[in-house]
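[1] model the structure of this input:
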Amino acid sequence: MTELPDLPPHRSFHRPVPTGGLAEVLVEGRRRRRAALGAVSATTSVLALVLGLALLPGTDNPERDSLQFASPQPLPSASSRAAEPRLQPSPTNSRPAGSSRTEPVPSPTAVVALPPGPARPTAANSPDPNPEAPAEQQSVRPDYLERPRDVEAPARCVSPPDGTVPVSCAYAIGAGSTTVRQGEPVEIGFGSCNPRGSILDAVLEFDSGREHQMTARVEGGPEVFRFSDSVRYPQGAHERRLAQGRCLEYRNTWRTQDARGRPVPAGTYQLSLRLAPDRVNGQPRDEGTYSIRVTVTD
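    Have a look, this model is predicted:
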């Protein structure tokens, strides 16, 4: 048999494993772990000591000098603490008594309790945007179209030889005074005529849709109602042509209410109606005002 040459001894990079059995192997493993933990603890202690010495006052350490420390903040006042939102955990799921099954409990949910803000105005508590304005001005005013009656002039309305318009060509409709209860209507009317025998037609020019005005005021006192404030005139500038011997009659009704639609107090009032053209045949002219005395009772 051929003999093999002697080989150099194998060099192992691992520590020899004890051959005394399993107990010795376990003891050796615990010893190695304690040695490793001791080395790590010693290294940590040395680093902490070096860092503590570096941060001591009086040492020349540029890294320590570059550290920035926050200035202390003042404590919040009681009012600011009350206004801060607070976190409140949501209620967790409960498990019935005697049940062995464990229900999953959700993580707390942050509920922000905000401080109460200003109350949103409602129909009940919202303030009146303009308490002094008439109720009709605070809501949508209805459209009003002037529709005077074109009627024959009275027999006494005759043009004189000099061509002037006689006073008798303006006339009232209804009695000069009346007595009503609160809330009852009062009608007033007024007519304006182009006299019989006139050589020219009367052209009444209006710069807006309003042709007449009706007002009510306390006798010897302030105005309580104006008709033009309660309606809207959709018609623009226009004119009306009145032939000789013809009249325009305007009628309107006051419901014995003020500008806000409330019944007026008992008392005496002056109700007036006025024809208000801006020009007649190109010349400024006032057609006059007719007034009646209204006594309102409870």
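[2] mind listing the strands for the stretch 151-298 of the chain?
    Secondary structure of the stretch 151-298 of the chain (DSSP state E, counting those that start in this stretch): strands at 170-173, 177-181, 186-194, 202-206, 212-218, 223-226, 238-242, 246-254, 267-275, 279-280, 289-297.
[3] turn those into JSON lines, including distance to residue 49 and mean pLDDT.
    Every C-beta, even on glycine, is put in place using the N, C-alpha and C of the backbone. JSON lines is the format used below for the strands of the stretch 151-298 of the chain (distance: least, CB to CB, whole Å; pLDDT from 0 to 100):
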{"stretch": "strand 170-173", "distance to residue 49": "116", "mean pLDDT": "86"}
{"stretch": "strand 177-181", "distance to residue 49": "107", "mean pLDDT": "94"}
{"stretch": "strand 186-194", "distance to residue 49": "108", "mean pLDDT": "93"}
{"stretch": "strand 202-206", "distance to residue 49": "105", "mean pLDDT": "93"}
{"stretch": "strand 212-218", "distance to residue 49": "101", "mean pLDDT": "96"}
{"stretch": "strand 223-226", "distance to residue 49": "97", "mean pLDDT": "97"}
{"stretch": "strand 238-242", "distance to residue 49": "105", "mean pLDDT": "94"}
{"stretch": "strand 246-254", "distance to residue 49": "104", "mean pLDDT": "95"}
{"stretch": "strand 267-275", "distance to residue 49": "104", "mean pLDDT": "95"}
{"stretch": "strand 279-280", "distance to residue 49": "109", "mean pLDDT": "91"}
{"stretch": "strand 289-297", "distance to residue 49": "105", "mean pLDDT": "94"}
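[4] so where's the chain shaky on pLDDT?
    Within the chain, the segments meeting pLDDT under 70 span 1-27, 40, 46, 50-139, 163-168.
[5] so where do the helices sit in it?
    Here the chain has its helices, by DSSP state H, at 22-54, 62-65, 78-83, 135-138.
[6] coming back round to it: wait, which of the strands of the stretch 151-298 of the chain is closest to residue 47?
    Nearest of these to residue 47, taken as CB to CB: strand 223-226 at 94.5 Å.
[7] direction included, what does the closest one pair up with?
    For strand 223-226, the paired strands and their directions (DSSP bridges) are strand 212-218 (antiparallel).
[8] flag every buried residue along the partner strand.
    For strand 212-218, the neighbour count (16 or more other CB atoms under 10 Å) marks 212-217 as buried.
[9] same thing with stretch 223-243?
    Within stretch 223-243, the residues scored as buried using 16+ other CB under 10 Å are 224-225, 227-228, 230, 233, 242.
[10] any idea which of those is closest to residue 198?
    Distance to residue 198 across these (CB to CB) is lowest for residue 242, with 9.4 Å.
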